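J.: Just the structure for this:
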Amino acid sequence: MRLYAIKGGVPLAGEVEIGGAKNAALAILAASIMTDETVLIENVPDVRDTNVLIAAMESVGASVIRQDRHTVKINGSQIHNFVIDDEHIKKIRASYYLLGALLGKYKRAEVPLPGGCNLGTRAIDQHIKGFRALGAEVVLKNGSVVATATKLKGTHIFMDKVSVGATINVMMAAVMAEGRTIIENAAKEPHVVDLANFLNSMGARIKGAGTDVIRINGVAKLHKSEYAIIPDQIEAGTFMMAAAITKGDITVKNVIPKHLECISAKLVELGCEIEESDDAVRVVASKRLRNTQVKTLPYPGFPTDMQPQITVTLGLSEGISIVTESIFDNRFKYVDELVRMGADIKVESGNTAIISGVKEYTAAKLTAPDLRAGAALVLAALAAKDMTTIDDIKYIERGYEDFHLKLQGLGAHIDIVEAEKDLQKLNFQVVS
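T.: Numbers count the residues shown, from 1 in each chain. Down below sits the predicted model:
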């Protein structure tokens, strides 16, 4: 049982390098098998989700060569199986991206129903609707989605709701369909744009990514490409919140500031100072934060994946704040853990948190319930003065590479121990 051991109370300061975007990497890795030629992908984050997806791709015959920790060469010419039966793939939601990739290229795919964090109802009905509109037959069988088609034909698809996953999946399937496909009410997230740019670099003909209407002219085949994945918006946002909650001074480097505008705007409302340059954002928090209201929305709104981090931060802000979750239900599970640290938060109707700011958090033994909530609890522990432990860190490792090492580089007293009995071996010296 591996744990984070954290002794907080230290303002974090310094520079941190942001890695490749996990959500973009998962889509791009899946799409890389859609050509028979070799694709080189750079800036791939070395996290559990990407590694699980790569293993699943190898299990059906794709060749994956790691040139270094963040660079992979992928060749899908020897794919011989269209059934993803790797038990691990059920643990990540992005397993369903292999549906669009395999269906688009081979016109058949069988992939287990998606797993990942338990964030309530996360239906794949819009994915299925899109595949069927393109001409595929889709059935659910033995816990898997089975999609087959004689051929795929371009069509006009209106998404009933904005869905990043469905937009990505249908876009991949439509790239090699006959004729023209129009996706309306499409998601506009940066990783949707990154996937479109990657597919276009392989010869796809996609226009409009980043708007709510994506137009795709199908092509017969795709070719080799070299491509670098965009920086991770959510990792960057998490470190920005770390500066706010610890009254620190952190510069996040290797970012696209435009992708962080909604996060930066909220931090300014809280009373932080923000400095932007071409590829970096500096966050300085020198005093107690103010209260505000936050509602999660599709991009360019405030991201649902940053909701736990800002809720934890607002827990130490002055006055009453309200956070409304409009994307997923069941995303306030971590609040019970936070209350054990002294937070004053009440969740109403399952999707609204009323936060009365307290002056400090107290240390506790915590459990990470999911990826982003786990990272948020780390932030809370960094603000608490005594020793906090967080178990189930496997969730956090799904999406954050070297999280504890990067925090150590900013002055945090955090380490991984194999069991609670190892805590006595730690020698955190906190300067008051």
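
J.: could I get stretch 350-357 in CSV with only the CA atoms?
T.: The C-alpha coordinates for stretch 350-357 follow below in CSV (Å, rounded to 0.1, in the frame of the first residue of the first chain):
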residue,chain,number,x,y,z
GLY,A,350,-25.2,16.4,-5.3
ASN,A,351,-23.7,19.1,-7.6
THR,A,352,-23.3,22.3,-5.5
ALA,A,353,-20.7,22.8,-2.8
ILE,A,354,-21.3,25.7,-0.3
ILE,A,355,-17.8,26.5,1.2
SER,A,356,-17.3,28.5,4.3
GLY,A,357,-13.6,29.3,4.4
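
J.: could you pull out the helices for the protein?
T.: In the chain, the helices defined using DSSP state H lie at 22-31, 48-59, 97-106, 125-133, 164-175, 190-201, 233-245, 261-270, 307-314, 335-339, 371-383, 403-408.

J.: How far away from the center of its chain is the first one?
T.: Remark: helix 22-31 is offset 11 Å from the chain centroid, using Cα atoms, centre = their mean, to the nearest Å.

J.: Among the helices of the chain, which comes closest to residue 10?
T.: Nearest to residue 10 among these is helix 371-383; the distance by Cβ to Cβ comes to 7.4 Å. Quick note: C-beta positions are derived from backbone N, CA and C, even for glycine.

J.: any idea how far residue 8 is from residue 96?
T.: Distance from residue 8 to residue 96, counting by Cβ to Cβ, to the nearest Å: 38 Å.

J.: Please apply the same query to residue 220.
T.: Distance from residue 220 to residue 96, by Cβ to Cβ: 25 Å.

J.: between the two, which one's more packed in?
T.: A direct count of neighbours by other Cβ atoms under 10 Å for residue 220 and residue 96 places residue 96 higher, at 26 against 7.

J.: And the closest residue to residue 324 other than its chain neighbours, what's its pLDDT?
T.: Distances taken as Cβ to Cβ, 6 or more residues apart in numbering put residue 295 closest to residue 324, at 4.3 Å, once the chain neighbours are dropped. Turning to residue 295, the model gives it a pLDDT of 98.

J.: Which residue, other than its chain neighbours, is closest to residue 154?
T.: Residue nearest to residue 154 in three dimensions, not counting chain neighbours: residue 179, with 3.4 Å by Cβ to Cβ, 6+ apart.

J.: so what's that neighbour up against?
T.: Residues near residue 179 by Cβ atoms under 8 Å, 6 or more residues apart in numbering: 153-154, 217-218.

J.: Just the buried residues out of those, in PyMOL syntax.
T.: To isolate the buried members of those in PyMOL, using 16 or more other Cβ atoms under 10 Å:
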select buried, resi 153+154+218
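
J.: which two in the contacts of residue 179 are spaced the farthest apart?
T.: Maximum distance among the contacts of residue 179 (Cβ to Cβ): 12.7 Å, for 153 and 217.

J.: For residue 115, report the pLDDT, please.
T.: Residue 115 is assigned 59 on the pLDDT scale.

J.: repeat for residue 122
T.: On the pLDDT scale, residue 122 gets 52.

J.: now residue 96
T.: With respect to pLDDT, residue 96 scores 87.

J.: I'd assumed residue 124 was in contact with it.
T.: Yes - applying Cβ atoms under 8 Å as the test, residue 96 and residue 124 come out as touching, 6.2 Å apart.

J.: what do the two both touch?
T.: 114, 145, 165.

J.: Need the pLDDT of the second one.
T.: On the pLDDT scale, residue 145 is placed at 91.

J.: just the last one next, same as before
T.: Residue 165 carries a pLDDT value of 94.

J.: and it, how many neighbours does it have?
T.: 22.

J.: isn't it right next to residue 127, touching?
T.: Yes - in this structure residue 165 lies within contact range of residue 127 using Cβ under 8 Å: 6.6 Å.

J.: Need the overlap of contacts for those two.
T.: Taking Cβ under 8 Å, 6+ apart as the contact rule, residue 165 and residue 127 both touch residue 96.

J.: mind showing which ranges of the stretch 51-200 of the chain have poor pLDDT?
T.: By pLDDT under 70, the weakly predicted segments of the stretch 51-200 of the chain are 86, 88, 115-122.

J.: if we go to 90?
T.: Applying pLDDT under 90 to the stretch 51-200 of the chain picks out residues 85-96, 112-124, 141-144.

J.: Pick out whichever of the contacts of residue 179 sits closest to residue 255.
T.: Closest to residue 255, out of all of those and judged by Cβ to Cβ, is residue 217, at 32.6 Å.

J.: what's the spacing between residue 32 and residue 224?
T.: Taking Cβ to Cβ as the measure, residue 32 falls 10 Å from residue 224.

J.: Now for the two: what residues contact both?
T.: residue 39.

J.: So for those two, which residue has more residues nearby?
T.: residue 32 (29 against 16).

J.: can you tell me which residues contact that one?
T.: By Cβ under 8 Å, 6+ apart, residue 32 lies in contact with 39, 41, 74, 76.

J.: what pairs with the second one across the strands?
T.: When bridges are called by DSSP bridges, residue 41 pairs up with residue 72, residue 227.

J.: Please give me every residue in contact with it.
T.: The neighbourhood of residue 41, defined by Cβ under 8 Å, 6+ apart, consists of 25, 28-29, 32, 71-74, 226-229.

J.: One more pass at 7 Å, please.
T.: For residue 41, the contacting residues are 28-29, 32, 72, 74, 227, 229, by Cβ atoms under 7 Å, 6 or more residues apart in numbering.

J.: Over to the first one?
T.: With contacts defined as Cβ under 7 Å, 6+ apart, residue 39 is in contact with 32, 74, 224-225.

J.: still on that earlier bit, tell me which two of the contacts of residue 32 sit farthest apart.
T.: 41 and 76 (12.5 Å).

J.: returning to what we had before: any idea which of the contacts of residue 39 is the one closest to residue 299?
T.: Checking the contacts of residue 39 one by one against residue 299 (Cβ to Cβ), the nearest turns out to be residue 32, at 23.6 Å.

J.: Strands - which of the contacts of residue 179 land there?
T.: residue 217 (DSSP state E).

J.: Tabulate the contacts of residue 179 (a markdown table), appending distance to residue 240.
T.: Converted to a markdown table, those look like this (distance: Cβ to Cβ, whole Å):
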| residue | distance to residue 240 |
| --- | --- |
| 153 | 45 |
| 154 | 41 |
| 217 | 39 |
| 218 | 40 |
